[in-house]
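Q: here is a sequence together with a model predicted from it:
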Amino acid sequence: MLVSATEMLKKAVAGKYAVGQFNINNLEWTKAILTTAQENNSPVILGVSEGAGKYMTGFKTVAAMVKAMIDELNITVPVALHLDHGSYDGCYKCIEAGFSSVMFDGSHFPIAENVAKTSELVKVCHEKGISIEAEVGSIGGEEDGVVGAGEIADPDECKKIADLGVDFLAAGIGNIHGKYPENWKGLDFDALAKTKALIGNLPLVLHGGTGIPADMIQKAISLGVAKINVNTECQLYFQEATRKYIEAGKDLEGKGFDPRKLLAPGTEAIKVIVKEKMELFGSINKA
Ligand code: 13P
């Protein structure tokens with residue numbers, strides 16, 4: 001069932017668990033994540049970056065594929081189709097294409113411009129029943145060529161953006177996209193607690209879910225994080241399983257070259273890591 005992410009995240013805040021946003025790249029990714037959510041009776045958010053949208057030939061293709069797949073696979077758990085780190089134009093394209101949720105990443109704009117653009121998009125989204133995420137403090141690491149420095153978001157700025165009526169808020173707390181470096185200092189829970197105290201029950205989003213230790217994830221959830229984004233870890237699981245298949249020479253046996261066989265181990269591996277994350281986030285049986 002395609003829905004906005006608003007209700008599922010309100011429920012997550014109340015129940016002290018988080019819903020995973022897993023980024024999709026193609027049909028296999030989408031199938032693996034949707035079936036894992038259904039098998040575990042978990043709500044789920046499918047994240048689509050602008051780059052992944054382009055790769056799949058456009059947001060209309062993505063929305064059509066996801067809607068049809070939900071129908072063909074009888075997916076009854078709540079599914080949100082969400083633009084990840086959207087530009088201003090990207091948000092409008094996704095709204096038009098039928099996404100049920102968008103993130104407007106205005107973190108690189110001066111705060112006044114971020115406020116103006118976010119307010120406008122909040123209005124447009126809410127008229128259409130679409131949920132909207134905003135970001136304060138850019139998330140470090142590299143994603144689709146965008147490199148941020150891993151800022152700690154200013155709690156007062158978070159409050160300012162929260163008051164614009166966004167449905168959930170990504171606040172940088174030292175988290176970064178991709179693998180964490182050896183000398184990473186960990187999440188800044190003081191900043192998280194300060195922001196939480198100012199914004200009340202608004203769900204918080206933790207980007208860069210790959211490689212954050214389980215105890216930090218749990219502490220973040222206890223402090224109001226209700227959505228956790230995971231991308232790189234699915235890619236790494238897919239890559240490792242695919243590598244093993246080829247290194248074992250399986251692609252050379254019989255019809256092992258058939259793409260449906262070649263991509264199967266990677267697809268199964270995505271299911272394994274998505275289930276693990278759902279267990280850690282506490283979203284199983286919360287559909
Ligand atoms: P990772 O790739 O580090 O898991 O981050 C995903 C993310 O935050 C998508 O917005």
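A: Arrived safely.

Q: for the residue sitting furthest away from the middle of the chain, what is the enclosing helix or strand?
A: Ranked by distance from the centre of the chain (CA atoms, centre = their mean), the top residue is residue 254, with 38.0 Å. Taking DSSP states H and E as the definition, residue 254 sits outside all helices and strands.

Q: tell me how far it lies from residue 261.
A: 9 Å (CB to CB, to the nearest Å). To be clear about C-beta, it is placed using only N, CA and C from the backbone, and glycine gets the same treatment.

Q: then residue 44?
A: Distance from residue 44 to residue 261, by CB to CB: 26 Å.

Q: could you check which of the two has the larger neighbour count?
A: residue 44 (25 against 15; other CB atoms under 10 Å).

Q: can whichever strand or helix holds residue 51 be said to contact the ligand?
A: Assigned by DSSP H and E, residue 51 belongs to helix 50-55. No. Using CB under 6 Å from any ligand atom, helix 50-55 never reaches the ligand; the gap is at least 10.3 Å.

Q: buried residues of the helix or strand just after that helix, list them for me.
A: Later in the chain than helix 50-55, the nearest helix or strand by DSSP H and E is helix 59-72. Going by neighbour count (16 or more other CB atoms under 10 Å), the buried part of helix 59-72 is 59, 62, 63, 65, 66, 69, 70.

Q: and the furthest pair within these?
A: Farthest apart among those by CB to CB are 59 and 70. That separation is 16.3 Å.

Q: pull the contacting residues for residue 222.
A: residue 16 (CB atoms under 8 Å, 6 or more residues apart in numbering).

Q: just checking, next helix/strand downstream of the helix or strand of the chain with the lowest mean pLDDT?
A: Using mean pLDDT, DSSP states H and E, strand 146-148 stands out as the lowest-scoring helix or strand of the chain, at a mean of 53. For strand 146-148, the following helix or strand on the C-terminal side (DSSP H and E) is helix 155-162.

Q: remind me what that next one packs against, helices and strands.
A: helix 111-127, strand 131-136, strand 168-171, helix 189-199 (3 or more CB pairs under 8 Å, 6 or more residues apart in numbering; DSSP states H and E).

Q: and of those, who's closest to residue 55?
A: strand 131-136 (21.5 Å).
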